[in-house]
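1. what follows is a protein structure lacking sequence information:
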């Protein structure tokens, strides 16, 4: 007993610190950014992790009846889904919560709760299948989270957020795999003693590291503006600016940066580089003869764009709007206009066009040609 008391106190102290940090993060994000999907996903994840911290306490796992544990286990397993949603929302400025996200959480949580209440220790032939699916769920959603984080990594223009992606993905996946391996190696998947303390210590490291990183980033770096105006048609000889750059960036002028901005303008507008198939930051930087990081910084900090695809699509949509409003191109199919402007298919073009104008391409053409 004397040897177990210090370990118990250490475990309790770690859990207390983690619960306090999770509660603080949930409160701050819910207060400061209540309307953003990333903030909502983060708050849900923080609350879910608080339940998980309590549910994984050795006393709870050993002494609480299975039927009472079922809701706690359901929420804990559902956190794998919330982590996937959070990664999508944090790194995709156009992310929107969909019914499928709620359905995925309900499926994972419902399966875990059902297994905890009735399947563990059951002689049913279905027990092995349902418990196996429950144990597979965290791995599946960890892979989906990695795919979501890496999907637009090269196009992310916010340097701090690019590094945060790596930290969250590496630590999140490492934690998921480690805890999955531990729970598979112990009876009934219960954490006891040092494994329970190691679990909460890893969670505390992840949450504290993510919180520290998020505090180092300004709100505009981490989150998009809550209200973003729809981009208007671009005047010629101007690089599209999505959000106003910081005042400090406007005040300071760098001749080398000015020259790079002018070269970028010529390449995008005069040479129509945006029509290039699968255009990337690296490819554009190579054509400009500049390091990739300098081009990302220019487009982000000076032109106000957080995502490279959004920057490029601004030029594509400008050309498409001009073609749709041109009476001489009245008979030209919308698909031809989209492909000529650089879009790879009609679906992404229609979605981007409606997000930018509030109209479908056909509605926009009809309205403009009627005015002419």
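-> It's in. Remember, predicted model here, so these are calculated numbers, not experimental data.
2. just want the most central residue of this protein.
-> When Cα atoms, centre = their mean is applied to the chain, the residue found nearest the centroid is residue 88 (2.7 Å).
3. residues contacting it?
-> 41, 95, 145, 148 (Cβ atoms under 8 Å, 6 or more residues apart in numbering). Using the backbone N, CA and C atoms, a C-beta is placed for each residue, glycine as well.
4. may I have the secondary structure class of it?
-> Classification of residue 88 using DSSP: H, G, I helix; E, B strand; the rest coil returns helix.
5. how far away is it from residue 298?
-> 27 Å (Cβ to Cβ, to the nearest Å).
6. next one: residue 41
-> From residue 41 to residue 298 the distance is 30 Å (Cβ to Cβ).
7. ok, residue 69 next?
-> 54 Å.
8. what's the span of stretch 113-124 from first residue to last?
-> For stretch 113-124, the first and last residues are 16 Å from each other (Cα to Cα, to the nearest Å).
9. can you pull the poorly scored residue ranges out of the stretch 101-250 of the chain?
-> Where the stretch 101-250 of the chain drops to pLDDT under 70, the residues are 187-189, 218-220, 225-250.
10. where does pLDDT dip in the stretch 251-372 of the chain?
-> Applying pLDDT under 70 to the stretch 251-372 of the chain flags residues 251-253, 372.
11. now the helices for it?
-> Under the criterion DSSP state H, counting those that start in this stretch, the stretch 251-372 of the chain contains helices at 255-265, 281-288, 292-297, 308-324, 334-341, 346-357, 361-371.
12. can you say which of those is packed in most?
-> helix 308-324 (a mean of 22; mean count of other Cβ atoms under 10 Å).
13. what's the angle from that helix to helix 255-265?
-> Angle, helix 308-324 to helix 255-265, by axes from the mean of the first three to the mean of the last three Cα atoms, to 10 degrees: 50 degrees.
14. same for helix 308-324, what does it pack against?
-> Packing contacts for helix 308-324, counted by 3 or more Cβ pairs under 8 Å, 6 or more residues apart in numbering; DSSP states H and E, involve helix 334-341, helix 346-357, helix 361-371.
15. got a list of what residue 172 touches?
-> Contact analysis of residue 172 by Cβ under 8 Å, 6+ apart lists 83, 87, 142, 145, 206.
16. measure it to residue 343 for me?
-> Counting by Cβ to Cβ, the gap from residue 172 to residue 343 is 33 Å.
17. tally up the residues packed near residue 20, please.
-> A count of nearby residues for residue 20, using other Cβ atoms under 10 Å, gives 11.
18. use 20 as the first number from now on
-> Will do, 20 is the new start, and the previous item becomes residue 39.
19. state the mean pLDDT of the strand or helix carrying it.
-> For residue 39, the host element (DSSP states H and E) is helix 23-51. What helix 23-51 shows for mean pLDDT is 88.
20. just the buried positions in stretch 68-80, please.
-> Residues of stretch 68-80 classed as buried: 68-72, 74-77, 80 (neighbour count, 16 or more other Cβ atoms under 10 Å).
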